[in-house]
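**Q** Test case, fold it:
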Amino acid sequence: MALKMMFLLPYEGLQLESLSALENKLKQECMSDMIGGDHGFLMLVLSSGVLSTVINKSSFGTVFSYIFYLVDNLSR
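**A** Take a look at the predicted model:
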């Protein structure tokens, strides 16, 4: 929940720290267990503007994949 709240703040540094924490969490846990109904996170990423950061930085590859899984799941 705290990670999601950080995306609402207008500070890029905090958003990058949140993305790094999410990247580490996704690498430690099985991504398929987390996929399903977290459309709130998808809306936060789309509205906060961090999507361009995720796309442009190769260090957020797992977050990038997770976002695409969410989009795919939403489109079904």
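**Q** Low-confidence bits of this structure, can you list those?
**A** Across the chain, the ranges flagged by pLDDT under 70 are 1, 30-37.
**Q** Which residue would you name as the spatial centre of it?
**A** residue 63 (5.1 Å; CA atoms, centre = their mean).
**Q** contacting residues around that residue?
**A** 19, 22-23, 26, 54 (CB atoms under 8 Å, 6 or more residues apart in numbering). C-beta: built from backbone N, CA, C; applies to glycine.
**Q** all helices for the chain, in order.
**A** 2-6, 12-28, 31-34, 39-48, 51-56, 61-75 (DSSP state H).
**Q** Run the chain-centre distance for the first one.
**A** The gap between where helix 2-6 is centred and where its chain is centred comes out at 10 Å by CA atoms, centre = their mean, to the nearest Å.
**Q** Ok, stretch 4-21 next?
**A** Relative to its chain's centre, stretch 4-21 lies at 10 Å (CA atoms, centre = their mean).
**Q** Please work out which residues outside it touch it.
**A** By CB under 8 Å, 6+ apart, stretch 4-21 touches 3, 40-41, 44-45, 48, 50, 53-54, 59-60, 63.
**Q** Who wins on neighbours among the residues you listed?
**A** Neighbour counts for the contacts of stretch 4-21 (other CB atoms under 10 Å) peak at residue 63, which has 24 neighbours.
**Q** how close does that one get to residue 27?
**A** 10 Å (CB to CB, to the nearest Å).
**Q** for residue 18, same thing?
**A** Counting by CB to CB, the gap from residue 18 to residue 27 is 15 Å.
**Q** more neighbours, those two?
**A** Neighbour count, other CB under 10 Å: between residue 18 and residue 27, residue 18 has more, with 20 against 11.
**Q** For residue 11, grab phi and psi.
**A** Backbone torsions of residue 11, given as degrees, to the nearest 10, read phi -100, psi 120.
**Q** Tell me the spacing between it and residue 52.
**A** Plainly put, residue 11 is 16 Å away from residue 52 if you go by CB to CB.
**Q** for residue 67, same thing?
**A** 12 Å.
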